[in-house]
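A.B. asks: the following comprises the amino acid sequence and a computationally predicted model.
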Amino acid sequence: MPSPRLLVIEGNSPQTTADHVAVGGTAASKGYSDLLRELLPGTVVDICYPGDPTALLPESSSLEGYDGIAITGSSLHVYNAGPEVMRQIDLVRAALKTGTPLFGSCWGLQVITAAAGGSVRKNPKGRELGFGRGIRLTEAGRKHPMYAGKLDVFNAPTVHLDEVESLAPGTTVLATNAVSDVQSAEIRTNGSTAWAVQYHPEYPL
């Protein structure tokens with residue numbers, strides 16, 4: 001059986017990534033890729049950089065060749081638009097037409113929502129930082145395979161200022177808490193399925 005082939009979409013701009021690495025951090029896409037290889041030994045992981053306006057992006061036909069696509073977090077804001085944002089929305093919109101499964105963390109949830117027809121805003125309750133507390137599964141979440149064997153209420157590593165404002169068509173909310181109504185969701189559109197969370201399950205403690 002051939003090795004799984006996955007694509008990681010780096011959500012940050014090159015400058016943000018460079019700043020993060022300069023102070024001892026790890027590029028979001030590298031952390032994600034390392035985790036995927038650890039969970040699925042032998043997996044081939046490619047990375048693309050739509051937040052870099054000069055970077056080449058995969059064509060739709062290439063997106064169809066992946067077994068899955070993961071989207072990292074980002075310091076960008078959907079509502080600020082600009083090429084760093086719009087290139088990501090366009091890429092995810094193209095991915096959502098291929099049938100390739102998507103998973104997004106934090107920014108990933110937001111950019112998938114925007115690509116599928118929803119909206120994102122600055123959270124009027126402020127930044128959720130460190131751990132998202134009291135994240136509670138909805139009735140749909142308790143039945144969802146992403147949460148099989150998981151607790152109904154949990155905490156998770158998080159850092160975000162923005163949140164889903166209006167749901168995209170085909171969205172089912174899977175978890176919520178006092179800070180954000182949408183802590184995770186399944187989004188079905190154009191024959192594709194995306195699972196996405198507002199927190200960061202890929203972060204090591």
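C.D. replies: Nice, thanks for sending it over.

A.B. asks: look up phi and psi at Ser60.
C.D. replies: phi -60, psi -40 (degrees, to the nearest 10).

A.B. asks: count of residues packed around it?
C.D. replies: Close neighbours of Ser60, defined as other Cβ atoms under 10 Å, add up to 11. All C-beta spots, glycine's among them, are computed from the backbone N, C-alpha and C.

A.B. asks: ok, now which ones touch it?
C.D. replies: Neighbour list for Ser60: 94, 97-98 [criterion: Cβ atoms under 8 Å, 6 or more residues apart in numbering].

A.B. asks: next step: those restricted to helices.
C.D. replies: Counting by DSSP state H, the contacts of Ser60 place Ala94 in helices.

A.B. asks: any chance you could map the helices in this structure?
C.D. replies: Using DSSP H, the helices of the chain run over 14-22, 28-39, 60-63, 83-95, 107-115, 139-142.

A.B. asks: point out the most buried one among these.
C.D. replies: helix 107-115 (a mean of 28; mean count of other Cβ atoms under 10 Å).

A.B. asks: from the chain's centroid, how far away is that one?
C.D. replies: 7 Å (Cα atoms, centre = their mean, to the nearest Å).

A.B. asks: mind listing residues that contact it?
C.D. replies: So helix 107-115 is contacted by 9, 11, 70-74, 76, 78, 85, 88-90, 92-93, 96, 102, 104, 119-120, 160, 162-164, 167-168, 171, 182, 184-185, 187, 194, 196-198 (Cβ under 8 Å, 6+ apart).

A.B. asks: swap in stretch 165-184?
C.D. replies: Contacts with stretch 165-184, where a contact means Cβ under 8 Å, 6+ apart, come from 109, 112-121, 123, 125, 128, 132-138, 140-141, 144, 146-147, 160, 163-164, 185-189, 195-199.

A.B. asks: what about those, which are in strands?
C.D. replies: Among these, the members falling in strands are 119-121, 128, 132-137, 160, 163-164, 185-189, 195-197 (criterion: DSSP state E).
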